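J.: Got a predicted model here, sequence first, then my questions.
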Amino acid sequence: MSKLTHRIEKKAVEILVDRIMAERNPADRQKKLKRLSYVMQHLFGDLFEKESFDDARRLIDEGGKWFRFLNTALDTLNPHVVKTAVMDLGFEAGFYGLRTRDAAKAKYHCNIPWAILFDPTSACNLHCIGCWAAEYGHTLNLSFDVMDKIVREGKALGCHFYLLTGGEPLMRKKDILRLCRKHPDCEFHAFTNGTLIDDAFCVRSHGRDWQSQLLPQYRRIP
């Protein structure tokens, strides 16, 4: 697939996702979700059985637990987080990336993962009894260039989903943010103890007005 085709298809999906996220009427949102399923079937129907798309539409029509879960996410989670997950984890990793992974699988005669896990560091700010990561020691690190190479080579094979473990991955805050900004078409999930997430980190991640961006449905934190 050419880069131009990829950009056009991604933009078409992105427009529909924006409309779904902006819609507050449940019935109209349901219609837009079904429309998105038809668009995805048109773009990627050769990669999945027709029944997969039919099943997705049936779940939407039935309004069951998964549809209620989706509605809750759209109504309560930060819109930027939701859209990034849909476009990177859904479109890039789940659909577009699959086409590239299938081609690489045929070319190299081996399985290609849809997710790659790596440890930015073995260091940790805690020393919890029984933690398996403690067996690594606390002195091992991947340079930014190595992490960037992992992602670049992974994307070339169709992998757009990366799990960061450790150690405590946020011991490498600066490099992780740099990596995320360099690869906005990838989804990055960090296994973190959460103790290093502070105001300064949120400002670097989302700007000075991070509270109103991440918590639109709540009052600002004093």
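T.: Nice, thanks for sending it over. Residues are numbered from 1 along each chain as shown.
J.: tell me the mean pLDDT over the host helix or strand of His80?
T.: With the criterion set as DSSP states H and E, the secondary-structure element containing His80 is helix 79-84. When the per-residue pLDDT values of helix 79-84 are averaged, the result is 90.
J.: Name the residues of whatever helix or strand comes next after that helix that are buried.
T.: Of the helices and strands lying after helix 79-84 in sequence (DSSP H and E), the nearest is helix 97-108. Of the residues in helix 97-108, those buried by neighbour count under the rule 16 or more other C-beta atoms under 10 Å are Gly97, Leu98, Arg99, Thr100, Arg101, Ala104. (Each C-beta comes from the backbone N, C-alpha and C, glycine too.)
J.: Identify the residues contacting helix 97-108?
T.: Where contact means C-beta atoms under 8 Å, 6 or more residues apart in numbering, the residues beyond helix 97-108 that reach it are Met1, Phe44, Leu47, Asn111, Ile112, Trp114, Ala156, Leu157, Gly158, Cys159, His160, Phe161.
J.: So what does the residue nearest the centre of the chain have for phi and psi?
T.: Nearest to the mean C-alpha position of the chain, by C-alpha atoms, centre = their mean, lies Glu187 at 3.2 Å. Summarising the backbone geometry of Glu187 under the convention degrees, to the nearest 10, its torsions are phi -100, psi 130.
J.: Identify the residues contacting it.
T.: Thr84, Ala85, Asp88, Leu89, Glu92, Ala93, His160, Phe161, Tyr162.
J.: Most neighbours out of the residues you listed, which is it?
T.: His160 (26 neighbours; other C-beta atoms under 10 Å).
J.: ranges for the helices of the protein?
T.: In the chain, the segments counted as helices under DSSP state H are 3-22, 26-44, 50-62, 65-76, 79-84, 97-108, 144-156, 173-182, 199-206, 210-214.
J.: Compare those and give me the one nearest His138.
T.: helix 173-182 (16.4 Å; C-beta to C-beta).
J.: Could you list the residues in contact with that closest one?
T.: Taking C-beta under 8 Å, 6+ apart as the rule, helix 173-182 contacts 120, 144, 147-148, 151, 164, 169-170, 186, 188, 190, 196, 201, 204-205.
J.: mind putting the helices of the chain in TSV, distance to Trp132 included?
T.: Written out in TSV, the entries for the helices of the chain read as follows (distance: least, C-beta to C-beta, whole Å):
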stretch	distance to Trp132
helix 3-22	38
helix 26-44	38
helix 50-62	37
helix 65-76	31
helix 79-84	29
helix 97-108	29
helix 144-156	22
helix 173-182	21
helix 199-206	25
helix 210-214	31
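J.: Now do Asn125 against Phe191, distance only.
T.: 14 Å (C-beta to C-beta, to the nearest Å).
J.: Please work out how many residues are found near the spatially closest residue to Thr165 that is not a sequence neighbour.
T.: Of all residues beyond its chain neighbours, the one nearest Thr165 is Phe191 (4.6 Å), with distances taken as C-beta to C-beta, 6 or more residues apart in numbering. For Phe191, the tally of surrounding residues (other C-beta under 10 Å) stands at 15.
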